[in-house]
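Novice: this one's structure only:
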């Protein structure tokens, strides 16, 4: 049972996330939301279809879509209910990340003797909430932020030795994001080879079995193990090319250790990497490395949001490693890092980036709305050409909706001029 203090802490995080997203709670859905995950959730909500039919089916499991379908069943379909649902999941992720950071930083706190307000766990959570990627992803109907929440929960349960509960959480995790199978594999490998607890290691066959059942259902419905051939070619075959792997590795290094204020966190790691020792840091590091490896080798788009499950571990490492500095230096560097994060909400980096990484996503959606409104007023009833993924979708849409998606191509250059 959660203590009263834990419940209040979760509610505090929930209120904070809702407050900082208040102007965006009814923002129309963005690219992948409207192209894949919202239609898939609506198919489950309207006719109980586990495999979507109003958009191209793919390998992504239906966990998040099921949550949304249940919420819409209770409260009715709306953008507001979807965004609030995702923010509640994000609040749970922040709460679990705080508990994890406290656990990972316990030795550092005992060494420094700093007051509670200066403990690394607080810095780690400020990093997470302030990070531009987490800010936008925490309200979006996508898979990676819920995968972050369940990854941290599973890791906490494993570190507590609650292996059966961890296996259940890991099963829920892989039914949210298939690439998260790396996490229970790390747990099973640790128990089997390091702890020699082979009986408990077998618990982690459950996530693999659950993912296997989903793939069987997907193959039965579509005739393809990954949902469709195009998805498999782009996300598996092409992603395993040498040049793509080199680019993907470079992108992951940039996101982790250079982008926004991460270069300051990397400086802390260089200075205090010796603080990250012990069994718990080893397991957490293996989880982070395994997840990074999977989404580096697989996934044609190399989207930064795939790294969300790694961020709580990375930010805890930044905060703990920084404990080797004096309090004045540490707080100055951490304050600068948070300031750069907040700037990153509004400032577009000079390198190509997915608009969903910061508030460029909002501008993109507003541009689509303007283009759709114009075409609805001036070209109503005419055929509107669409770009991926709507050009391949079987669902019927109004001219305004089709136009809003077609505007993705036409308006892309205008978004870059917002700075």
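Specialist: Nice, I can see it. Worth saying up front: this structure is predicted, and the values here are computed from it rather than measured.
Novice: Provide the contact partners of the host helix or strand of residue 318 at residue level.
Specialist: Element membership of residue 318 [criterion: DSSP states H and E] is helix 311-321. Here helix 311-321 makes contact (C-beta atoms under 8 Å, 6 or more residues apart in numbering) with 93, 96-97, 100-101, 104-105, 108, 120-121, 123-125, 127-128, 131, 133-134, 148, 152, 155, 256, 265, 268-269, 271-273, 275-276, 281, 284-285, 287-288, 334, 337. C-beta here means a position set from N, CA and C on the backbone, and glycine is covered the same way.
Novice: Quick one, grab the pLDDT at residue 106.
Specialist: According to the prediction, residue 106 has pLDDT 87.
Novice: For stretch 158-166, which outside residues touch it?
Specialist: 103, 154, 157, 187, 191, 197, 200, 203, 280, 283.
Novice: and the second one, what does it touch?
Specialist: With contacts defined as C-beta under 8 Å, 6+ apart, residue 154 is in contact with 166, 169-170, 173, 183-184, 187.
Novice: and if we set it to 10 Å?
Specialist: Residue 154 sits next to 96, 165-173, 180, 183-184, 186-187, 204, 207, 287, 309 when contact means C-beta atoms under 10 Å, 6 or more residues apart in numbering.
Novice: Same question for the fourth one.
Specialist: With contacts defined as C-beta under 10 Å, 6+ apart, the neighbours of residue 187 are 154-155, 157-158, 163, 166-167, 170, 200-201, 203-204, 207, 283, 286-287.
Novice: one more time with 8 Å
Specialist: 154, 158, 163, 166-167, 170, 201, 204.
Novice: farthest pair in those residues?
Specialist: For these, the farthest-apart pair by C-beta to C-beta is 154 and 201; their separation is 14.6 Å.
Novice: Could you list the low-confidence segments of the stretch 251-400 of the chain?
Specialist: Low-confidence segments of the stretch 251-400 of the chain (pLDDT under 70): 386-400.
Novice: Now with 80, please.
Specialist: 372, 380-381, 383-400 (pLDDT under 80).
Novice: Could I get the full set of helices for it?
Specialist: Counting by DSSP state H, counting those that start in this stretch, the stretch 251-400 of the chain has helices at residues 262-272, 279-297, 311-321, 327-346, 360-378, 399-415.
Novice: Tabulate the ones you listed (CSV), appending distance to residue 224.
Specialist: Formatted as CSV, these follow (distance: least, C-beta to C-beta, whole Å):
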stretch, distance to residue 224
helix 262-272, 38
helix 279-297, 20
helix 311-321, 32
helix 327-346, 38
helix 360-378, 30
helix 399-415, 24
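Novice: Out of those helices, flag the one nearest residue 6.
Specialist: Set against residue 6 and scored by C-beta to C-beta, these come closest in helix 311-321, at 16.8 Å.
Novice: Please verify my assumption that residue 360 contacts residue 348.
Specialist: Yes: counting by C-beta atoms under 8 Å, residue 360 sits close enough to residue 348 to count as a contact (5.6 Å).
Novice: between these two, who's got more neighbours?
Specialist: Applying other C-beta atoms under 10 Å to residue 360 and residue 348 shows that residue 360 carries more neighbours, namely 23 against 18.
Novice: If you count neighbours, what's buried in the helix or strand residue 121 falls within?
Specialist: Per DSSP H and E: residue 121 is located in helix 120-130. By 16 or more other C-beta atoms under 10 Å, the buried positions in helix 120-130 come out as 120-130.
Novice: what residues are up against the closest residue to residue 133 other than its chain neighbours?
Specialist: In this structure, residue 133 finds its nearest non-sequential neighbour in residue 357, 5.3 Å apart by C-beta to C-beta, 6 or more residues apart in numbering. Residue 357 is in contact with 132-133, 136, 304-305, counting by C-beta under 8 Å, 6+ apart.
Novice: Could I get the buried residue list for the helix or strand hosting residue 221?
Specialist: Using DSSP H and E, residue 221 sits in helix 205-222. Using 16+ other C-beta under 10 Å as the test for burial, helix 205-222 gives 206-208, 210-211, 214-215, 218, 222.
Novice: now do stretch 331-348
Specialist: By neighbour count with 16+ other C-beta under 10 Å, stretch 331-348 contains the buried residues 333-334, 337-338, 340-342, 344-345, 347-348.
Novice: Nearest to residue 9 among those?
Specialist: Comparing the buried residues of stretch 331-348 against residue 9 with C-beta to C-beta places residue 338 closest, at 20.0 Å.
Novice: Surely the closest one is in contact with residue 261?
Specialist: Yes: counting by C-beta under 8 Å, residue 261 is a contact partner of residue 338 at 7.1 Å.
Novice: okay, the buried residues of stretch 331-348 in a markdown table with distance to residue 370 next?
Specialist: Below are those laid out as a markdown table (distance: C-beta to C-beta, whole Å):
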| residue | distance to residue 370 |
| --- | --- |
| 333 | 41 |
| 334 | 40 |
| 337 | 36 |
| 338 | 34 |
| 340 | 31 |
| 341 | 29 |
| 342 | 27 |
| 344 | 25 |
| 345 | 22 |
| 347 | 23 |
| 348 | 19 |
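Novice: Which residue is the nearest non-sequential neighbour of residue 190?
Specialist: Nearest to residue 190 is residue 283, by C-beta to C-beta, 6+ apart, at 6.2 Å.
Novice: right, and the one you found touches residue 183 too?
Specialist: No: contact criterion C-beta under 8 Å: residue 283 and residue 183 do not qualify, at 10.4 Å.
Novice: Who has more neighbours out of the two?
Specialist: Just comparing residue 283 and residue 183: by other C-beta under 10 Å the higher neighbour count belongs to residue 183, 30 against 17.
Novice: quick one, what contacts the more buried one?
Specialist: By C-beta under 8 Å, 6+ apart, the residues touching residue 183 are 151, 154-155, 170, 173, 287, 290-291, 309.
Novice: let's see it at 6 Å
Specialist: Contacts for residue 183 were tallied using C-beta atoms under 6 Å, 6 or more residues apart in numbering; they are 151, 287.
Novice: Quick one: the helices in the stretch 1-150 of the chain, in order.
Specialist: Listed in chain order, the helices of the stretch 1-150 of the chain (DSSP H, counting those that start in this stretch) span 4-20, 31-32, 38-47, 63-75, 79-104, 106-112, 120-130, 132-137, 144-159.
Novice: follow-up on the earlier one: list the contacts of the helix holding residue 121.
Specialist: Contacts to helix 120-130, defined as C-beta under 6 Å, 6+ apart, come from residues 97-98, 101-102, 105, 108, 134, 315-316, 319-320, 323, 334, 338, 341-342.
Novice: among the residues you listed, which two are most distant?
Specialist: Greatest spatial distance in the contacts of helix 120-130: 108 and 342, 25.3 Å, computed using C-beta to C-beta.
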